[in-house]
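S.K.: What follows is a predicted protein model with its sequence.
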Amino acid sequence: CKIMSEFDLFNLSLEDFQSKDDATETKGPGLYKANPTEGKDNVYRSVIRFLPNHKDPKNSIVKKFSYWLEDSQGNAGYFDCPSTVGEKSIIGDTYWKLAKSQSAFDQKQAEKIRRKEYYFSIIQIVKDPQRPELDGTLQVFRFPKTLKKFIDGQTSPSIEDIELSGAEPCNVYDLFEGKDFSLKVTLKGGYWNYDECKFLAKSTVQVGGVPMENNAECKKQIMEMLSSSPDLTIYKYRAWNDDQRNKLHGILQDISGNPGESYRKLTPEESGKTENKAPTNTPAAKATSASKPEGEDDMEAWLNGVG
């Protein structure tokens with residue numbers, strides 16, 4: 001596989017796909033889930049391919065921290081964590097307050113607050129025996145840190161893999177020299193397990209089941225396919241609105257046992273210590289054509305420059 005600095009897909013470098021330490025969850029259309037209980041013998045099998053986000057190519061992988069919280073009355077929901085964008089999180093503060101308490105009850109309650117690390121990316125369903133009607137479609141795939149490590153293993157192979165097997169950095173999002181991903185999700189201890197997943201051999205992306213070649217006609221077909229990609233931006237971190245914040249406060253009050261008013265005074269946004277604003281986007285590139293979506297010129301430039 002070519003290294004990203006040589007490939008220059010959408011003006012990205014390999015580092016754009018390497019790991020960086022850096023509200024109620026919005027569920028949009030086309031969210032792909034590989035639930036093992038829907039597969040034969042509780043094993044979900046499919047082949048997918050990670051694709052670049054043509055609307056915002058430098059953000060083809062969206063990372064987000066979130067919580068699933070539920071109180072004793074059954075009020076529940078997903079909440080984006082402000083720590084995603086480096087802001088102070090009242091959810092995290094509540095967890096540590098309970099976890100560090102001398103009370104065994106508080107420590108038990110802390111177990112109800114578990115932060116999850118999720119990643120989102122656009123994928124193509126190459127083959128799905130459980131749902132063949134999805135074959136060839138583009139979806140948004142939410143995956144855990146466990147699967148992100150598979151991608152990292154390709155973009156940044158370990159010294160051991162390089163020395164023992166001659167592994168080379170590979171951008172799996174590469175349209176002509178990327179790799180399909182064999183998704184095999186099992187159940188282990190009641191939890192979804194991804195240990196048996198793996199990247200396959202280098203291959204080109206397919207359009208309509210046909211492998212693409214590096215020529216002008218195929219590049220045009222790729223452009224048309226990617227233009228129908230689901231919107232990845234709706235899965236980015238979003239600051240809580242008033243309804244979400246009030247619901248969150250109620251759940252945390254129930255979990256922590258704090259009375260409403262005294263608890264609300266602990267929240268960063270109300271104490272004036274931190275403003276919980278939605279993350280601001282970097283300045284957008286100048287539009288070169290009013291009829292083209294943002295990022296399309298980057299893709300066309302790349303497609304026209306390859307080969």
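M.R.: Looks like it came in fine.
S.K.: Buried residues of the longest strand seen in the chain, list them for me.
M.R.: As assigned by DSSP state E, the longest strand anywhere in the chain is strand 115-127. By 16 or more other C-beta atoms under 10 Å, the buried positions in strand 115-127 come out as 118-126. No exception for glycine: its C-beta is placed from N, CA and C like everyone else's.
S.K.: Can you spell out which helices and strands pack onto it?
M.R.: strand 44-51, strand 62-70, helix 90-99, strand 138-144, helix 145-155 (3 or more C-beta pairs under 8 Å, 6 or more residues apart in numbering; DSSP states H and E).
S.K.: lowest-confidence helix or strand of this structure?
M.R.: Taking mean pLDDT, DSSP states H and E as the measure, helix 4-7 is the helix or strand of the chain with the lowest mean score, a mean of 37.
S.K.: Please report how far Asp180 lies from Ile123.
M.R.: Going from Asp180 to Ile123 by C-beta to C-beta, to the nearest Å gives 10 Å.
S.K.: before we move on, the earlier item: alpha carbons only: can I get the longest strand of the chain in CSV?
M.R.: Extracted in CSV, the C-alpha atoms of strand 115-127 (Å, rounded to 0.1, in the frame of the first residue of the first chain):
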residue,chain,number,x,y,z
ARG,A,115,-18.0,6.9,29.4
LYS,A,116,-17.9,5.2,26.0
GLU,A,117,-15.5,6.0,23.2
TYR,A,118,-17.0,5.8,19.8
TYR,A,119,-15.9,6.4,16.3
PHE,A,120,-18.0,7.1,13.2
SER,A,121,-17.0,6.6,9.5
ILE,A,122,-18.7,6.2,6.2
ILE,A,123,-18.5,2.7,4.9
GLN,A,124,-19.5,0.7,1.9
ILE,A,125,-21.3,-2.6,2.5
VAL,A,126,-19.4,-5.0,0.2
LYS,A,127,-21.3,-8.1,1.3
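S.K.: ok, it: who's next to it in the sheet?
M.R.: When pairing is defined by DSSP bridges, strand 115-127 lines up against strand 44-51 (antiparallel), strand 62-70 (antiparallel), strand 138-144 (antiparallel).
S.K.: Just name the most buried of those strands.
M.R.: The highest mean neighbour count among the strands paired with strand 115-127, using mean count of other C-beta atoms under 10 Å, belongs to strand 44-51: a mean of 22.
S.K.: Would you agree Cys218 falls within a helix?
M.R.: Yes: according to DSSP: H, G, I helix; E, B strand; the rest coil, Cys218 belongs to a helix.
S.K.: Which pLDDT value goes with it?
M.R.: Here, the pLDDT recorded for Cys218 equals 95.
S.K.: Touching, it and Met212? I think so.
M.R.: Yes: if you go by C-beta atoms under 8 Å, Cys218 and Met212 touch, sitting 4.1 Å apart.
S.K.: about what we covered before: format the helices and strands packed on strand 115-127 as TSV; extra columns: mean pLDDT and distance to Gln253.
M.R.: Shown next, in TSV, are the helices and strands packed on strand 115-127 (pLDDT from 0 to 100; distance: least, C-beta to C-beta, whole Å):
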stretch	mean pLDDT	distance to Gln253
strand 44-51	98	38
strand 62-70	96	11
helix 90-99	95	9
strand 138-144	96	29
helix 145-155	95	30
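S.K.: can you list those in CSV and add distance to Thr233?
M.R.: What follows is those, written out as CSV (distance: least, C-beta to C-beta, whole Å):
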stretch, distance to Thr233
strand 44-51, 15
strand 62-70, 8
helix 90-99, 23
strand 138-144, 10
helix 145-155, 19
